[in-house]
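Trainee: here is the input, now give the coordinates:
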Amino acid sequence: MLPRYLYLISSAFALIYLARFDHYGVYVAISLFWIVSAFYKPLTLPAIWSVVIFMLIFALIRIANIGINGFSSSYYFFILLGEILIILIGIRLTK
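Mentor: The predicted structure is shown next:
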């Protein structure tokens with residue numbers, strides 16, 4: 001249970017940091033769902049799957065962007081690797 005808890009909490013805080021409480025109210029709402037799901041067991045598994053799907057979409061967009069524009073900087077490549085790592089960890093936690 002602890003790995004799932006840490007996964008959801010860290011994913012939520014990372015998304016809140018990236019959104020920076022700006023005009024991305026949907027991102028903050030998703031982050032709050034992940035935080036609540038870490039404490040409410042019936043929502044834990046759906047929340048982990050939502051993290052995986054969320055990061056998968058970001059990774060696919062980033063891959064398409066790299067394919068179209070090429071590598072603009074190594075920063076985006078490392079972000080892509082992070083997204084892939086989060087996806088793999090999430091899939092592992094669902095089993």
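Trainee: tell me where the model's unsure across the protein.
Mentor: Residue ranges of the chain with pLDDT under 70: 21-24.
Trainee: regarding it, what is its longest helix?
Mentor: In the chain, taking DSSP state H as the definition, the longest helix is helix 44-69.
Trainee: could you check the angle the next helix or strand after that helix makes with helix 44-69?
Mentor: Downstream of helix 44-69, the next assigned helix or strand under DSSP states H and E is helix 74-93. Between helix 74-93 and helix 44-69, the angle formed by their directions is 150 degrees, by axes from the mean of the first three to the mean of the last three C-alpha atoms, to 10 degrees.
Trainee: summarise which helices and strands helix 74-93 is packed against.
Mentor: Secondary-structure packing of helix 74-93 (3 or more C-beta pairs under 8 Å, 6 or more residues apart in numbering; DSSP states H and E): helix 2-19, helix 44-69. Using the backbone N, CA and C atoms, a C-beta is placed for each residue, glycine as well.
Trainee: any buried residues in it, and which?
Mentor: L80, E83, I86, I87, I89, G90, L93 (16 or more other C-beta atoms under 10 Å).
Trainee: what's in contact with that helix?
Mentor: Residues external to helix 74-93 that are found in contact with it (C-beta atoms under 8 Å, 6 or more residues apart in numbering): 3-4, 7, 11, 48-49, 51-52, 55-56, 58-59, 62-63, 65-66, 71.
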